[in-house]
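**Q** just coords:
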């Protein structure tokens, strides 16, 4: 199992910072290169630069009353959700189809809700939980 993960190109998990303005404030965001690549793909689908995409995500998150205090983690989770929704077929793999053209309610209807304790319970059923602390 570990060979699948440890054989990743080290460049993918090397961190890189980018500077941009969010709500008029100069800031720097530090992410692993893999996440920058996914953000580039998401933005390109709608003709946005990474900076434009990040600004839009930040503004919409703030407008919705979301927690912007750990925005880098929000971006990582957004990338993970994007990839998971692609795998599930809710977001087309064809990157020529803009995200803005998708019905958000339909896309999200296919997302499995997080249920606290399910991950822990599934680990204990396999006997893994006893070895993880």
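**A** It's in. Being a predicted model, the structure only gives us computed values, none of them experimental.

**Q** Off-centre distance for stretch 95-106?
**A** Distance, stretch centre to chain centre, for stretch 95-106: 16 Å (CA atoms, centre = their mean, to the nearest Å).

**Q** Can you report phi and psi for residue 18?
**A** In terms of degrees, to the nearest 10, the main-chain angles of residue 18 are phi -130, psi 140.

**Q** For it, give the beta-bridge partners.
**A** Going by DSSP bridges, residue 18 is paired in beta bridges with residue 29.

**Q** Please enumerate the helices of this protein.
**A** Taking DSSP state H, the helices of the chain run over residues 2-6, 10-13, 33-45, 50-63, 71-87, 104-109, 118-126.

**Q** Tell me what angle the fourth one forms with helix 71-87.
**A** Orientation note: helix 50-63 sits at an angle of 100 degrees relative to helix 71-87 (axes from the mean of the first three to the mean of the last three CA atoms, to 10 degrees).

**Q** helices and strands around helix 50-63, which ones?
**A** Counting contacts by 3 or more CB pairs under 8 Å, 6 or more residues apart in numbering; DSSP states H and E, helix 50-63 packs against strand 15-22, helix 33-45, helix 71-87. No exception for glycine: its C-beta is placed from N, CA and C like everyone else's.
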